[in-house]
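Would you be able to build a 3D model of this:
(chains A and B)
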Amino acid sequence: MSEPRTTTVDVNGHACRVWTKGKGPKLGFLAGLGGLPRWLPFLDRLAETRTVIAPSLPGYPGAMGHTELDTHLDWVLAVRQLVDKAGLAGADLVGASVGGAFAAEMAAIFPDRVAKLVLISPFGLFDDKEPAADPWAQRKDVLPGLMCADPARWSELVAAPEGANSVEWPIEMTRASEAAARAFWPLGNTRLEKRLGLIAAPTLILWGEGDALLPPSYAAKFAGAINGKTRVETVAGAGHLAYLDQPDAVARAVLAHIG
Amino acid sequence: MKLMWFHLMPYTELPADFNKKHPSVWVDIHSSLFDPRRAHHMYNDFMDELEYAAELGYDAVCVNEHHSNGYGLMPSPNLIASSLARRTTDTALCVMGNSLALYNPPTRVAEEFAMIDCISGGRLIAGFPVGSPMDTCYAYGQNPSLLRERYLEAHDLVKKAWTEKETFAFNGRYNQQRYVNIWPRPIQNDPHPPIWIPGGGSVETWRWCAEMDYVYCYLSYYGYKAGLHTMQGFWKEMEKLGKDRNPYRAGFLQFVGVAESRQQALDLYSEPAEYFYGRCLHIDPRFATPPGYTTEATQRAGIQSMVSKAADVANPATKAALKATNMKDIVDGGYVLIGSPDEVVEQIRHVGISLNVGNLMLLLQYGNMSKETTKYNTRLFAEKVMPKVKDLFEEWQHEWWPKPMAKAQRAAIPAFRPQTVAAE
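As a prediction, this is how the structure comes out:
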């Protein structure tokens, strides 16, 4: 697994890291909870046939500036700047978890920015009858099992790599969680349902069948509200961050949808 | 030294198997454990105890704010304080305090505190805590990433609402109000009621208190031994900032149990202390660290240095699991000072001098302590301990104490005569 190329773009005066790797047409990826503290096998699968561009949202690993963002409009405009400056305007876009909510906003509010859309267990809705779990109130030993079907996958994502700064690394991981909380506290509900009807892009919705954070039944709510041609696929053996649990299966489904 | 009588108002009838059957005393404590008819008696006992302390000459009575909490039955301390304003005469009323970011708009705090100050004739101490993670982020759903900024802005707004003479527009990042003009206004208007800040052990809070000239209060449940490191850090920072060592700049919370002898104190206070440190601090750690609640500077200091060890003590949820719950360890750890009056005098003087705190907030009721025992503890302390520690720090001027109206100018409060209904 070789490393991606690293560049940065400016969003509201803060540097945000952009990782790029692969060949072929551009494919954007907005990561889920935890962001991208490291490059992933899932992204390598995609990079075999596509130029994968993964910008870090403000506050997530490699990017600052979340403390500038007070309202949902602030966040949506920050993500739009990020998408544009990373060269992703008009490309296919994959968003997962918290990144999935923003990918859906891009496709809804700026339809010319997104060609084909993939949402992997996206945030943005909350159903009183089937409440989502709380990612910000969990014991340390419970959280990994809420993120992935195989808790070890989450632990690997956030583990400090060799040579990492032992003071700054845990702060950076907490910052990613804070950035997510800043945009989605307390329920993950950004009233996205009001805007889903604006999405015209062909959309694939992927949901880990064992998602313990956001109930897989939410997939149907997204599919029912989105206006574009929409398909739902369940990912076997996967939890909330399905791309960590089943990188090959998720990459295959993404590539099959975007062609 | 100021001796202040503090009540947490704990629910006193949590079952013995509470810790086994329930995950947390805070946030999601089950409603079936709360009996409103029993709470009627608890509230009235607690308010009797506060009034009794005032009668016995404590310098202040203190109340505080908690939400969804089995050891703190005061979501609104202002309700209790307003009652105390009528049922006490000379005692300072220390509301410790109102978590500013929870009030929308925050001018509500400016108004209610001004009401208490007016009713009491200028006896209010205005406490402004950020509030615990459990209260603010979980029970009240506040965004942890925005909490501190909202708190600081609300502080600016409240202070301006108290001091600005003209109606003004407040154009804040989180609060916008076209017409700010509170009625009533506080009696203490030179420039405003004393502001005290309960906080953990963060350098940022210490600096802010110094800059604003506020009293810093370290309200830990773990006593003077665990608090020493934090208070030393506070005074070191004050020295760096060129502030004097006036002990009245600082407040500290201490549990105390006084009796005729040490053995009698153990007999009387072991059960309520073990109830408090066992059941009341049984807090699910999942509610301890909402992301963003702790600033990155404090996280950094925490990872880098031993300061964290002391700072964490202020957050009961992070350390509760590691702390003692049996009386021997509770006493050895200094969480609760116990002994005969003379033994307690010696310990109180030691606490005052070693921590250099002039405002000692005493918890003389804790856990399931009965009204009778609480009154005994309160009276013995007032009669046998207070006279022998009052002189401490008399060489210092207290610049942060309420300045009430002259007694002759204050309203006469008619004696309270409950109507008793004759049995039929």
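
any idea how far stretch B:243-256 is from the chain center?
13 Å (C-alpha atoms, centre = their mean, to the nearest Å).

Using CSV, list the CA coordinates for that stretch.
Extracted in CSV, the C-alpha atoms of stretch B:243-256 (Å, rounded to 0.1, in the frame of the first residue of the first chain):
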residue,chain,number,x,y,z
LYS,B,243,-1.4,39.4,42.0
ASP,B,244,-1.1,39.4,45.8
ARG,B,245,-1.7,36.3,47.9
ASN,B,246,-4.9,37.6,49.3
PRO,B,247,-6.6,34.3,50.4
TYR,B,248,-10.0,35.7,49.7
ARG,B,249,-9.2,35.4,46.0
ALA,B,250,-9.9,31.7,46.5
GLY,B,251,-12.6,29.4,47.6
PHE,B,252,-12.4,25.7,48.5
LEU,B,253,-15.0,23.0,49.3
GLN,B,254,-14.4,20.7,52.3
PHE,B,255,-16.6,18.0,53.8
VAL,B,256,-16.5,18.0,57.7
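
which residues in chain A form helices?
Using DSSP state H, the helices assigned to chain A run over residues A:41-47, A:72-85, A:97-109, A:143-147, A:151-158, A:168-184, A:193-196, A:218-225, A:242-245, A:247-258.

what does the stretch 51-200 of chain B have sitting close to chain A?
B:C137, B:Y138, B:G141, B:N143, B:P144, B:S145, B:L146, B:R173, B:Y174 (C-beta under 8 Å from any C-beta of the partner chain). Every residue, glycine included, has its C-beta placed from N, CA and C.

quick one, phi psi at the fourth one?
Put plainly, it is B:N143. Per-residue torsions, B:N143: phi -70, psi 120 (degrees, to the nearest 10).

Give me the nearest residue to it, chain neighbours excluded.
In space, and not counting its chain neighbours, B:N143 is closest to A:W185: 4.3 Å by C-beta to C-beta, 6 or more residues apart in numbering or on different chains.

measure that neighbour to A:W154 for me?
Going from A:W185 to A:W154 by C-beta to C-beta, to the nearest Å gives 20 Å.

helix/strand/coil for B:Q142?
coil (DSSP: H, G, I helix; E, B strand; the rest coil).

In contact with the closest residue to it other than its chain neighbours, which residues?
Leaving aside its sequence neighbours, B:Q142 sits nearest to B:T136 (C-beta to C-beta, 6+ apart; 4.7 Å). By C-beta atoms under 8 Å, 6 or more residues apart in numbering or on different chains, B:T136 lies in contact with B:S99, B:A101, B:L102, B:V130, B:Q142, B:P144, B:L147, B:Y293.

now the end-to-end length of stretch B:10-26.
With C-alpha to C-alpha, to the nearest Å as the measure, stretch B:10-26 spans 12 Å from end to end.

Tell me if that stretch is near chain A.
No: Stretch B:10-26 stays clear of chain A (C-beta under 8 Å from any C-beta), getting no nearer than 10.0 Å.

how about that stretch: buried residues?
B:P10, B:Y11, B:T12, B:E13, B:L14, B:F18, B:N19, B:H22, B:P23, B:S24, B:V25, B:W26 (16 or more other C-beta atoms under 10 Å in any protein chain shown).

mind checking the longest strand of chain A?
strand A:14-22 (DSSP state E).

what helices or strands is that one leaning on?
strand A:5-11, helix A:41-47, strand A:51-55 (3 or more C-beta pairs under 8 Å, 6 or more residues apart in numbering or on different chains; DSSP states H and E).

hmm, back to that, number of nearby residues for the residue nearest to B:N143?
22 (other C-beta atoms under 10 Å in any protein chain shown).

My read is that it contacts B:P144, right?
Yes: counting by C-beta atoms under 8 Å, A:W185 does reach B:P144; the two are 6.9 Å apart.

Helices along the stretch 101-250 of chain B, start to end?
Applying DSSP state H, counting those that start in this stretch to the stretch 101-250 of chain B gives helices spanning B:107-120, B:133, B:147-163, B:203-212, B:223-240.
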